[in-house]
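>>> With the sequence up front, the predicted model follows.
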Amino acid sequence: MRHSLQQKTTRLNIQISFELKNKLSRLSALQGKKMSALVRESLEEKIEQLEKKIFEEKMKHAYQELAQENLEISEDFKYVDTENL
């Protein structure tokens, strides 16, 4: 995934296990990518997944609150339906 040339970048130093570095090295070679590109893509993908999960949890909570509110409103009007009979 190539970003526009205008996008600013920054350097980040992290420590990972030797085993993880070897796996990363093998995978980057298999895909023909630099390790930094593979790490960047992996981080972007993981962050996107986490943001989606957070959004879904917020929506779930909002729907549950709305459902409770709807139940309370319908409770207020349960006798109104039979008034005209």
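Yes, it's here.

>>> okay, CA-based contacts and neighbour counts for the rest of this
OK.

>>> could you say what helices and strands the helix or strand where residue 40 lies packs with?
Assigned by DSSP states H and E, residue 40 falls within helix 35-76. Counting contacts by 3 or more Cα pairs under 8 Å, 6 or more residues apart in numbering; DSSP states H and E, helix 35-76 is packed against helix 18-31.

>>> Residue 38: neighbouring residues, count only.
By other Cα atoms under 10 Å, the residues close to residue 38 number 18.

>>> For it, give me the pLDDT.
The model reports residue 38 with a pLDDT of 95.

>>> Contacts only, for it.
Residues in contact with residue 38 (Cα atoms under 8 Å, 6 or more residues apart in numbering) are 24, 28.

>>> separation between it and residue 65?
According to Cα to Cα, to the nearest Å, residue 38 stands 41 Å off from residue 65.

>>> repeat for residue 39
Going from residue 39 to residue 65 by Cα to Cα gives 39 Å.

>>> go on, residue 76?
Computed as Cα to Cα, the residue 76 to residue 65 distance reads 17 Å.
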